[in-house]
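Colleague: Dropping a prediction and its sequence here:
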Amino acid sequence: MKTHYWLRLRRIFDRPQLQLNSCLTPILLFLCFCCLANTAVAAAPAAHGSLPNIVFVLFDDLGWGQPQCYNPESKLHTPNLDRLATQGMRFTDAHSASAVCSPTRYGLLTGRYPSRIGQFGVLTTYSQPIIPTSRLTVASLLKQHGYATACIGKWHLGLHWVDGKPGTETEVPIGARCTDGPIALGFDYFCGFTHARNIGSIIEQDQVISHVKDFENQPLMISKAIHWIDQRKSNEPFFLYFPMCPPHTPIAPSPEYLGKSDAVDLVRKDPKYGDWVYQGDAMLGQIMDALERNHLSENTLLIAASDNGAEQRAYAPLRESKRSIYEGGHRVPFVARWPGKVAVGSRNDHTICLNDLMATAAEIVGTQLPDNAGEDSVSLVPEFLATADRPVRDTTIQQSYDGDLAVRQGAWKLVLLLNDKRELYNMETDLSEANNVLPENSDVAAQLAATIQSEIDRGRSTPGVTQKNDFELSINGR
């Protein structure tokens, strides 16, 4: 590396227009070399011993207004998420790329908007994989840099079943094998299930190994996660992706949580719902405890977030809920703890996206993403370290279950509905999206429409070489 930088500098100073006094040239070369060398060291991958572990806990359908650390009026209890917020940074303007499960997970693991592949709805047991094995994921990126990787929980990104369509939509027979899933996408270990409607068919690695009852699934998942953490070595960095089921249906709290939450479902009045939320939060707590017990907490970036808004539960001031293009569909809780890096008990009001995990991981390991990876991902490291004097994201694109699109830039949010209607909201003054101000701000709407179309056409929203979308996407007709 030293020779590389020295030759570069020598060539620069040998140019006719930069001929210097022969006595000064060596000194200037040395000083410039020191600066470049320091830059190179800063950007180079860190040694394994200094790389942080990364744990991403993904709640399923946990609404922005449900945890008490986001909504003090909530009657649902999430003591561990609330505790995590006191230990780290709570983001108030975090978003999933989609208002439903599968597309969000695509964006989270690839750093690419799911609209680029035309994925707006959710997958079923027999749906084909939507992430090709040739695409870089957060897991495969980290694995390339020496991380042990595991996905434990709900996959919901499609699998190729070797025998076609074994069993039924709700139960796949023991012994059935699958390919092109987590193991093919960078995870060393996988234990989980295809999606919530098939929660009883347990897959380990690439094979169905057992059948369990609904209420038995999550205790099994968290026991697998804790066991995997307990096996980690302090000198080997690891990435654990734990996509849980709560509070998504089936609402199936295990016996030890039934009636224990003292919670009230103010919207749907489901007596078990609060216990199910409480059980999901307890699993986060068990992961936090396992990290502490194994002396791993101090070198672990722990993130807890949700994949979209709450199911049929709208919480003021946000408009609507899961599936919707409005804030209740995709503004989500997002809390990060990174001891010594993230300020304790801090709050961040900048707009971020779950897609940003990819670029964040790349910066952490000191590498640059290739042009055909993480096209819509921005590193959150400056946000975590509070070194960003402005939001790291310039724009964020969201999508609904039906295919509506929205683009956010600063305070402005332009909604492009499938029925050709467009709406403009100022999110700083109108978080409830009650007042469409497009008529008096048509120039802002036009600029945002041009921005989103440009980002569609370029196949990316970040700097880099133009990429091709896998789906014919346009704002025309929206």
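Modeller: Received the coordinates, thanks.
Colleague: hang on, Thr110 packs against Gly374?
Modeller: Yes - in terms of Cβ atoms under 8 Å, Thr110 counts as a neighbour of Gly374; the distance is 7.2 Å. C-beta coordinates here come from the backbone N, C-alpha and C atoms, glycine included.
Colleague: So for those two, which residues contact both of them?
Modeller: Between them, Thr110 and Gly374 share the neighbouring residues Leu136, Asn355, Met358, with contact defined by Cβ atoms under 8 Å, 6 or more residues apart in numbering.
Colleague: The last one: what's it in contact with?
Modeller: What it means is Met358. Leu109, Thr110, Gly111, Leu136, Thr137, Val138, Leu141, Leu369, Ala373, Gly374, Ser377.
Colleague: Can you name the residues that contact the closest residue to it other than its chain neighbours?
Modeller: Using Cβ to Cβ, 6 or more residues apart in numbering and skipping the chain neighbours, the partner closest in space to Met358 is Gly111 (2.9 Å). By Cβ under 8 Å, 6+ apart, Gly111 lies in contact with Val138, Asn355, Asp356, Leu357, Met358, Ala359, Leu369, Ala373, Gly374, Glu375, Asp376, Ser377.
Colleague: Would you reformat those as CSV and include secondary structure, pLDDT and distance to Phe59?
Modeller: Listed next are those as CSV, based on DSSP: H, G, I helix; E, B strand; the rest coil; pLDDT from 0 to 100; distance: Cβ to Cβ, whole Å:
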residue, secondary structure, pLDDT, distance to Phe59
Val138, helix, 99, 18
Asn355, helix, 98, 17
Asp356, helix, 99, 17
Leu357, helix, 99, 15
Met358, helix, 98, 20
Ala359, helix, 98, 22
Leu369, coil, 98, 27
Ala373, coil, 98, 26
Gly374, coil, 98, 23
Glu375, coil, 98, 26
Asp376, coil, 98, 22
Ser377, coil, 98, 21
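Colleague: Alpha carbons only: can I get stretch 216-225 in PDB?
Modeller: Once non-C-alpha atoms are left out, stretch 216-225 reads as follows in PDB (Å, rounded to 0.1, in the frame of the first residue of the first chain):
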ATOM      1  CA  GLU A 216     -44.200 -23.000  20.900                       C
ATOM      2  CA  ASN A 217     -42.500 -21.300  18.000                       C
ATOM      3  CA  GLN A 218     -41.200 -18.100  19.600                       C
ATOM      4  CA  PRO A 219     -39.700 -19.800  22.700                       C
ATOM      5  CA  LEU A 220     -37.900 -22.200  20.300                       C
ATOM      6  CA  MET A 221     -36.600 -19.300  18.200                       C
ATOM      7  CA  ILE A 222     -35.300 -17.300  21.200                       C
ATOM      8  CA  SER A 223     -33.700 -20.400  22.700                       C
ATOM      9  CA  LYS A 224     -31.800 -21.000  19.400                       C
ATOM     10  CA  ALA A 225     -30.700 -17.400  19.300                       C
END
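Colleague: Longest strand in this structure, please.
Modeller: strand 238-247 (DSSP state E).
Colleague: which residue ranges form the helices in the stretch 101-250 of the chain?
Modeller: Along the stretch 101-250 of the chain, the segments classed as helices by DSSP state H, counting those that start in this stretch run 101-110, 138-144, 214-230.
Colleague: Quick check: which of those is nearest to Thr168?
Modeller: helix 214-230 (15.6 Å; Cβ to Cβ).
Colleague: and the closest one with strand 238-247, angle?
Modeller: 160 degrees (axes from the mean of the first three to the mean of the last three Cα atoms, to 10 degrees).
Colleague: Now tell me what touches helix 214-230 from outside.
Modeller: Here helix 214-230 has contacts from 150, 152-153, 189, 191-193, 199-200, 202, 212, 240, 242, 244-246, 250, 252-255, 279-280, 283, 286-287, 290-291, 293-294, 296, using Cβ under 8 Å, 6+ apart.
Colleague: Kindly report the same for stretch 265-282.
Modeller: Looking at what lies outside stretch 265-282 - Cβ under 8 Å, 6+ apart - the contacts are 59-60, 62, 66, 74-81, 218, 244-247, 251-254, 257-264, 310, 312-315.
Colleague: quick revisit: adding distance to Leu157 and mean neighbour count, write the helices of the stretch 101-250 of the chain out as JSON lines.
Modeller: Below are the helices of the stretch 101-250 of the chain laid out as JSON lines (distance: least, Cβ to Cβ, whole Å; neighbours: other Cβ atoms under 10 Å):
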{"stretch": "helix 101-110", "distance to Leu157": "6", "mean neighbour count": "28"}
{"stretch": "helix 138-144", "distance to Leu157": "12", "mean neighbour count": "21"}
{"stretch": "helix 214-230", "distance to Leu157": "17", "mean neighbour count": "19"}
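Colleague: CSV for those helices, including distance to Pro182?
Modeller: Output for the helices of the stretch 101-250 of the chain, formatted as CSV (distance: least, Cβ to Cβ, whole Å):
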stretch, distance to Pro182
helix 101-110, 9
helix 138-144, 8
helix 214-230, 13
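Colleague: For Glu327, find the nearest of the ones you listed.
Modeller: Among the helices of the stretch 101-250 of the chain, helix 101-110 comes nearest to Glu327, with 15.1 Å by Cβ to Cβ.
Colleague: any weak-confidence spans in this structure?
Modeller: 1-49, 477-478 (pLDDT under 70).
Colleague: Which residue ranges make up each domain of it?
Modeller: Domain assignment for the chain by automatic domain parsing gives 2-34, 53-385, 396-458.
Colleague: Show me the strands in the stretch 51-200 of the chain, by range?
Modeller: Assigned strands in the stretch 51-200 of the chain, in chain order: 53-60, 89-95, 148-154, 160-161, 178-179, 189-193 (criterion: DSSP state E, counting those that start in this stretch).
Colleague: repeat for the stretch 351-478 of the chain
Modeller: 396-399, 405-409, 412-416, 422-426.
Colleague: hang on, the earlier thing: to Ala305, which of the helices of the stretch 101-250 of the chain lies closest?
Modeller: Ala305 lies closest to helix 101-110 among the helices of the stretch 101-250 of the chain, at 8.7 Å (Cβ to Cβ).
Colleague: now the angle between strand 238-247 and the closest one, please.
Modeller: 170 degrees.
Colleague: about what we covered before: nearest to Gly167, out of the helices of the stretch 101-250 of the chain?
Modeller: Comparing these under Cβ to Cβ, the one sitting nearest is helix 214-230, at 16.8 Å.
Colleague: Report the inter-axis angle for that closest one versus strand 148-154.
Modeller: Computed by the same axes, to 10 degrees, the angle between helix 214-230 and strand 148-154 is 170 degrees.
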